[in-house]
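> Let me see the structure of the following:
(chains A and B)
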There are 2 protein chains.
Amino acid sequence: MVSEDSNQEPFPTDYDIAQSAEMEPIWELVEPWGLGLEDLQYFGEYTAKVKHHAIERLREESTEKSQNLVLVTGMTPTPKGEGKTVTTVGLGQTLNHIGKETMIAIREPSLGPVFGVKGGAAGGGKSQVLPMEDINLHFTGDIHALTAAHNLIAAMLDAKISQGNELDIDVTNVAWPRAIDMNDRALRQTVVGLGGKTGGTPREDSFLLTAASELMAVLCLASDLADLKERIGRIIVAYDEDGNAVTVDDIEATGPATMLLRDAIKPNVVQTIEGTPAFVHGGPFANIAHGTNSLIADKTAFGMGEYLVTEAGFGSDLGAEKFMNVVCRMGEMTPNAVVLVASIRALKYHGLDQWPVDYDAIDDAGVDAVEAGFSNLDKHVRNLQKFGVPVVVSINRFPEDTDEEVQAVLDHCTNELGIRAAESNVFLEGSEGGVDLAENVVDAVEESDEEAFEPLYDLEAPIDEKIRTIATEIYGADDVKFTGKALSDIEQMNDLGFDDYPVIMSKTFHSLSDDASLKGAPEGWELEISEIYPSAGAGFLVALTADALTMPGLPARPAAADMDIDADGNITGLF
Amino acid sequence: MVSEDSNQEPFPTDYDIAQSAEMEPIWELVEPWGLGLEDLQYFGEYTAKVKHHAIERLREESTEKSQNLVLVTGMTPTPKGEGKTVTTVGLGQTLNHIGKETMIAIREPSLGPVFGVKGGAAGGGKSQVLPMEDINLHFTGDIHALTAAHNLIAAMLDAKISQGNELDIDVTNVAWPRAIDMNDRALRQTVVGLGGKTGGTPREDSFLLTAASELMAVLCLASDLADLKERIGRIIVAYDEDGNAVTVDDIEATGPATMLLRDAIKPNVVQTIEGTPAFVHGGPFANIAHGTNSLIADKTAFGMGEYLVTEAGFGSDLGAEKFMNVVCRMGEMTPNAVVLVASIRALKYHGLDQWPVDYDAIDDAGVDAVEAGFSNLDKHVRNLQKFGVPVVVSINRFPEDTDEEVQAVLDHCTNELGIRAAESNVFLEGSEGGVDLAENVVDAVEESDEEAFEPLYDLEAPIDEKIRTIATEIYGADDVKFTGKALSDIEQMNDLGFDDYPVIMSKTFHSLSDDASLKGAPEGWELEISEIYPSAGAGFLVALTADALTMPGLPARPAAADMDIDADGNITGLF
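This next block holds a predicted model:
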């Protein structure tokens, strides 16, 4: 996160810091938190999965504890991200530092962004989870298991089609693409089944990122293995010639697909650089899925500490909205405080109204640009306040930020928004740099009223109204425009009995609007919805907006091109 | 392996036997074999990877030990396989039982066959490696890591093509397909890059099974991480408009692809049901790749025991030929004995000249059918003898086999072939059922003359001659017919300087010939070679025959459809 031409002493890379950190064997680390040797399934010395019996026990214990849930979200970020994971990890560490037993729960990194633009997703600096190189690469194999289970269903579906098609599946109405955990734009739209009879039945197909697979959502929302299996069986993979849904159960793939997720459903526990236990489990993106780690990890964590700090992906319009309206509703959880991560870089990005981002221009801009970007921050604050949960703004301090710039944001929050705000230096300093933030969060939590929390829409509202509520209340649209077959999709959802499902919006993360190029808080626009389809296993509907992509591409120079490993296994370029 | 209408007591399933087995923690099990706690990277309690420093140490120690290498291969099998892995595991157990310190090294199962026809590939009955459900599913993630590394290279290649194509890559001459560890015929031939400019550059593409990826071959042949990286960099992924090779180095993917294989290159150690340590590492198929586990595992095992029993895939025409001509040459190893696995079922399959296989008819046939199938067995015996290594035939006994049938095979081997033969009951009885086989193997090894071993062709021979030698000497063809662009491929290989590479034949495993329907020892036919391409990283050429497929399909009723898992995580249907 340090610009190369910074005048400061060069700060060591995340990998250097991670390598120099002294880790404790995971079984010793979690023992005081209620997990014994026999509760863990080990992956090396520093990573473990929690076995089912221990999950059960901790869940039961959690009902006796006070459970304080803190959600970390952010303003509309630059493509590099503004440090939500850093803040989540740093806040968790700092809460422990000031005497609050706190667990952390975050998502597993996807290889797509790791090799694309963002690099690693395990936090950074002195606020990261370890071992970062394992977590950022294959980790415990959960995402690979999801990819395999997804593609097993796809292969069994195509086998059904090409070998007799006794289910009368309409090859122009297949609802189950293939999946890959790699940013690969060439796989966005494909034709499969070519090469004559032995190659199957020709049809259009596509690949989505595993993070966008319904299996990922299902894994993150399932309460246990039995529930996971039931949900998988309900997933709709195609429609027959009469328009009836064909499910995973119908193609006899429920058993083997669930079997492939036998270990993936168990939450992974690791440690932060300061020895705070952290669950890293599940990895849906918030722009194309619901965007938070598994409910199983959250529920298990409630049995281990009095605070849980968790994170929702991208800006609050994406991950946080879904956390409040979908995840908390399904998981029967109440957030006690929301931390909204802002950065000087992102404020200037909005203030300069950039598209695409120009980091050099951001470096050159001053406090005027920061102030011009408040419109974006303010909209996120107002949105979050609609859920009845106290908001704390955290300014994730970068080395190149000036005191004047940071003070301008703090003043704005205090004087104009009337909310808590704190500078966070957890990247450079670990918990020493997060005390102000953590104390503000504790105050917010202690003053919070759980009764005040409420989702933004009723599940009983008509589908178009639920979408309109999110569009106007959260995104700031004037109205919603249903294009293509969106309206007939709604009719079909009603016919299928999915009218009372919550809605997961699939929208660009580059803007509050559905147009990636619009910065700040865009007004005077209509949200375009092109398609609506059910995730019957997850229990929600997905609404696709104009600019949504379920398969990212690699940039002209991917992050991967600067990664390397030497003969001794030392890695470079993985930040 | 028990037919459902057998009159015998129902024998418990492999999974039942595995579940009832008492496993020892892997660190305790391997300690007497020279691996300490700090040498291992754990995956649960019963699986570990061997760290690099321990591999180095054991390799050095191996030079001081007598190394007896026993290869297990087989006659041309039915689609269900005739028990090579069972025999390998059972023989390893039995050699320990009779006082010979013996290690086992086999390949990792691919999910493709697990969900397709064969089911699990961890041995079976009382001769299996444990924990079988982990080994058969994701295990330590090696194959997933290979899939990811393979597809990262593919994504980076397509990104180079669609974003400026500064390397001038010819989109009609891309040599790097995508990979998936799933039998999925619909992906055999595809078109990618559709959907307009953001979807990349449209072109024909295909997927191969990860077992057939050159990365799999490279992993299994590399001596260490540095060698792995060098080999990956050399892999040819495409040709430019002038016909020059474009390598993984050229597209800047060497570092990140190697990084993804950081753990995959470390061999996995597990235990057999009787507590013999076994390496399970690497998984190339012998019909589409070289077909044996990693050289790193073999070399490490040499430092741990006085015997090493390893296995080569499919019939001896495939895996064993490649082991002798390619793997032993590259790894500077000498086999001391070969065990040729035969079964009454396979002998009848050849004797009845079946295609496709009809297991009911096999059950109904008698000793005449067995004797009619000797032609196939005999050809495999004669082939193996050409390498100068003593051959022991092992009859893998199935419950439905009659004593008369088994005796007929033993008599034939002794009286007509003049070679050692033994009945093996290691499936039902473990080492108690393998003593005769093991004693024959020890005798063969003790009488073997390492000087007598020699590959079948010189590397300096012209490419077409190397192919002709394998075709005529091993497959029994009259000659070779080069079709399509095979002859121009040979010219290109010569131009590229690959003329002294060994050749990996990609051929059906259903027949000694290139026609799956021909049983026994087909005569009077010509082998058709349609294409030859270099695996420059692995260091061999691949010659495609008419009937070779690098992406299997699922049958009308895949094995997966009978697999299930219950709420407590118990698996059924995974044999």
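
> which residue does the stretch 251-400 of chain A bring closest to chain B?
Residue of the stretch 251-400 of chain A nearest chain B, by C-beta to the nearest C-beta: residue A:255 (3.5 Å). Any C-beta I mention is one placed from the backbone N, CA and C, and that applies to glycine too.

> That residue - how many residues pack around it?
Residue A:255 has 24 neighbours, counted by other C-beta atoms under 10 Å in any protein chain shown.

> Just give the nearest non-adjacent residue to it, would you?
residue B:564 (3.5 Å; C-beta to C-beta, 6 or more residues apart in numbering or on different chains).

> For that neighbour, grab phi and psi.
phi -150, psi 170 (degrees, to the nearest 10).

> Over to residue A:527?
Dihedral angles of residue A:527 (phi, psi; degrees, to the nearest 10) stand at phi -80, psi 130.

> what's the spacing between it and residue A:470?
Residue A:527 is 9 Å from residue A:470, where distance means C-beta to C-beta, to the nearest Å.

> rewinding a little: can you name the residues bridging to the residue nearest to residue A:255?
With DSSP bridges as the criterion, residue B:564 is bridged to residue B:572.

> Tell me, how many residues neighbour it?
Neighbour count of residue B:564, defined by other C-beta under 10 Å: 17.

> mind listing what it touches?
For residue B:564, the contacting residues are A:254-256, A:258-259, B:571-573, by C-beta atoms under 8 Å, 6 or more residues apart in numbering or on different chains.

> Which PyMOL command selects the buried ones in those residues?
Buried members of the contacts of residue B:564, defined by 16 or more other C-beta atoms under 10 Å in any protein chain shown, are picked up in PyMOL with:
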select buried, (chain A and resi 254+255+256+258+259) or (chain B and resi 571+573)
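
> tell me which of the contacts of residue B:564 is nearest to residue A:87?
Distance to residue A:87 across these (C-beta to C-beta) is lowest for residue A:258, with 35.3 Å.

> can you pull out the strands in the stretch 51-200 of chain A?
For the stretch 51-200 of chain A, applying DSSP state E, counting those that start in this stretch gives strands covering A:68-74, A:102-106, A:123-124, A:127-130, A:169-174, A:178-180, A:190-192.

> closest to chain B out of those strands?
From the strands of the stretch 51-200 of chain A, taking C-beta to the nearest C-beta, the stretch that ends up closest is strand A:190-192, at 4.3 Å.

> elements contacting that closest one?
With contacts taken as 3 or more C-beta pairs under 8 Å, 6 or more residues apart in numbering or on different chains; DSSP states H and E, strand A:190-192 sits against strand A:203-205, strand B:190-192.

> Give me the contact list for that strand.
With C-beta under 8 Å, 6+ apart, strand A:190-192 has contacts from A:158, A:200, A:202-207, B:186-187, B:190-192, B:194, B:205.

> Kindly indicate which of those residues lies nearest residue A:128.
Nearest to residue A:128, judged by C-beta to C-beta, of those is residue A:207 at 30.5 Å.

> wouldn't that closest one be in contact with residue A:176 here?
No - using C-beta atoms under 8 Å as the test, residue A:207 is too far from residue A:176 to be in contact (11.3 Å).

> joint contacts of these two?
Shared contacts of residue A:207 and residue A:176, defined by C-beta under 8 Å, 6+ apart, are absent.

> What distance do you get for residue A:535 to residue A:198?
Using C-beta to C-beta, we find residue A:535 at a distance of 33 Å from residue A:198.

> Those two: who's more crowded?
A count of neighbours by other C-beta under 10 Å puts residue A:535 above the other of residue A:535 and residue A:198, at 25 against 11.

> residues from the stretch 301-450 of chain A in reach of chain B?
Within the stretch 301-450 of chain A, no position lies close to chain B (C-beta under 8 Å from any C-beta of the partner chain).

> And the strands in the stretch 301-450 of chain A?
Taking DSSP E, counting those that start in this stretch as the criterion, the stretch 301-450 of chain A carries its strands at A:307-315, A:337-342, A:391-396, A:420-424.

> For the contacts of strand A:190-192, pick the one with the most neighbours.
Taking other C-beta under 10 Å as the neighbour criterion, residue B:187 ranks highest of the contacts of strand A:190-192 with 31 neighbours.

> Would you confirm that that residue contacts residue B:177?
No - taking contacts as C-beta under 8 Å, residue B:187 lies outside contact range of residue B:177: 9.2 Å.

> what does the stretch 51-200 of chain A put close to chain B?
The stretch 51-200 of chain A comes close to chain B at residues A:52, A:111, A:115, A:137-138, A:141, A:144-145, A:147-148, A:151-152, A:154-156, A:158-159, A:162-164, A:178, A:180-195, A:198-200, as judged by C-beta under 8 Å from any C-beta.

> show me the contacts for residue A:30.
With C-beta under 8 Å, 6+ apart, residue A:30 has these contacts: A:40, A:48, A:269, A:277, A:304.

> do that again at 6 Å, thanks
Residues near residue A:30 by C-beta atoms under 6 Å, 6 or more residues apart in numbering or on different chains: A:269, A:277.

> Next, it: secondary structure please.
Using DSSP: H, G, I helix; E, B strand; the rest coil, the structure places residue A:30 in helix.

> circling back to that earlier point, which one, of the helices and strands packed on strand A:190-192, ends up nearest to residue A:386?
If we rank the helices and strands packed on strand A:190-192 by C-beta to C-beta, the stretch that ends up nearest is strand A:203-205, at 40.0 Å.

> partners of the closest one, with directions?
Partner strands and pairing direction for strand A:203-205 (DSSP bridges) are strand A:190-192 (antiparallel).

> The stretch 201-350 of chain A: helices as residue ranges?
Under the criterion DSSP state H, counting those that start in this stretch, the stretch 201-350 of chain A contains helices at A:214-221, A:225-234, A:254-260, A:295-302, A:321-322, A:328-331, A:344-351.

> These into JSON lines, with extra columns for distance to residue A:369?
As requested, the helices of the stretch 201-350 of chain A are arranged in JSON lines below (distance: least, C-beta to C-beta, whole Å):
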{"stretch": "helix A:214-221", "distance to residue A:369": "37"}
{"stretch": "helix A:225-234", "distance to residue A:369": "47"}
{"stretch": "helix A:254-260", "distance to residue A:369": "49"}
{"stretch": "helix A:295-302", "distance to residue A:369": "38"}
{"stretch": "helix A:321-322", "distance to residue A:369": "27"}
{"stretch": "helix A:328-331", "distance to residue A:369": "35"}
{"stretch": "helix A:344-351", "distance to residue A:369": "4"}
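
> Now mean pLDDT too, for those helices, in JSON lines please.
What follows is the helices of the stretch 201-350 of chain A, written out as JSON lines (pLDDT from 0 to 100):
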{"stretch": "helix A:214-221", "mean pLDDT": "97"}
{"stretch": "helix A:225-234", "mean pLDDT": "98"}
{"stretch": "helix A:254-260", "mean pLDDT": "97"}
{"stretch": "helix A:295-302", "mean pLDDT": "96"}
{"stretch": "helix A:321-322", "mean pLDDT": "98"}
{"stretch": "helix A:328-331", "mean pLDDT": "96"}
{"stretch": "helix A:344-351", "mean pLDDT": "98"}
